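**Student:** Requesting a structural model of the entry that follows:
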Amino acid sequence: MTREDKRTIHGYRTIHSMIVGSQEIILGEKQAECPDKRYLCAHDALDHLDKGYEDVETGDYLEMLELYTKRIQGEIKTLRDAEKKIGGPNAPIPAKHCRLDDHTKSIIGKFVVLKAEVFRPEYQRASEQICYVTGGSGAKANPREKAIVVKNVYDGREVQFERSEVQGLVNMNSLPEWAQKAIKKFQKKEIIRKGAACG
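**Tutor:** The predicted structure is shown next:
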């Protein structure tokens, strides 16, 4: 039995689950329930806030299967809408378009490109890869530790990765126009933030 087979939500055993975008969509079954409440559909936000399962509904199999697929489609639409907002090509950035990450030098305060494969398939995009390194012992020159802390240039999220997951340093000339603008906008915000912190 896998971990997935054993997981239950409100007494319903998970029979299908899919992680898409920011959600895990779940379909569960409780055999002891009457037919019109035997199946469950719920989702779990993957934001690490541990809010528990949300939008929990029960019904018959086809009803819950339809809801399960609708929620998956909803997440796909959210991802597609986000892609449209970028306003330009958002394919993964290949290693040949990056400058070498020399581990004998610090990358704190540098713009880096993370390897596309560290992300789930739906996030293997330039908008996820381009980050600004804010710290972490792995970001120092000749690091003994692995962790680096970065801010996503496109949306400002702060995340932790490992130095080995850095594909290389940003080469501005190889970036799409929207990414160059995002970096310049990010740089201005950082200057304002640092100025405010010193004031």
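
**Student:** now what about the helix or strand containing residue 160, what contacts it?
**Tutor:** Per DSSP states H and E, residue 160 falls inside strand 158-162. Applying CB atoms under 8 Å, 6 or more residues apart in numbering, the external contacts of strand 158-162 come out as 114, 118, 131, 134, 136, 138, 146-152. Just so you know, the C-beta spots here come from the backbone N, C-alpha and C atoms, and that holds for glycine as well.

**Student:** Which SSE is immediately downstream of the longest strand seen in the chain?
**Tutor:** If you go by DSSP state E, the chain has its longest strand at strand 12-20. Sequence-wise, the next helix or strand downstream of strand 12-20 (DSSP H and E) is strand 23-29.

**Student:** So what angle separates the directions of that following strand and strand 12-20?
**Tutor:** For strand 23-29 against strand 12-20, the angle by axes from the mean of the first three to the mean of the last three CA atoms, to 10 degrees is 150 degrees.

**Student:** what helices or strands is strand 23-29 leaning on?
**Tutor:** The contact analysis (3 or more CB pairs under 8 Å, 6 or more residues apart in numbering; DSSP states H and E) places strand 23-29 against strand 8-9, strand 12-20, strand 39-45, helix 61-86.

**Student:** And the longest one, how far out from the chain middle?
**Tutor:** So that's helix 61-86. Averaged C-alpha coordinates place helix 61-86 at 16 Å from its chain's average position (CA atoms, centre = their mean, to the nearest Å).

**Student:** tell me the mean pLDDT over the helix or strand following that helix?
**Tutor:** Of the helices and strands lying after helix 61-86 in sequence (DSSP H and E), the nearest is strand 98-99. Across strand 98-99, pLDDT averages out at 96.

**Student:** Listing partners with orientation, what would you give for strand 98-99?
**Tutor:** When pairing is defined by DSSP bridges, strand 98-99 lines up against strand 166-170 (antiparallel).

**Student:** Export the strand it pairs with to CSV, keeping only CA atoms.
**Tutor:** What follows is strand 166-170 as a C-alpha-only set of coordinates in CSV (Å, rounded to 0.1, in the frame of the first residue of the first chain):
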residue,chain,number,x,y,z
VAL,A,166,21.4,27.5,-10.2
GLN,A,167,21.8,27.0,-14.0
GLY,A,168,23.9,30.2,-14.3
LEU,A,169,23.9,34.0,-14.0
VAL,A,170,21.5,36.1,-16.1
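
**Student:** Show me the residue sitting in the middle of this protein in space.
**Tutor:** The C-alpha lying nearest the average C-alpha coordinate of the chain belongs to residue 123 (CA atoms, centre = their mean; 6.2 Å).

**Student:** how close does it get to residue 142?
**Tutor:** Separation of residue 123 from residue 142 (CB to CB, to the nearest Å): 31 Å.

**Student:** Sweet, I'm off.
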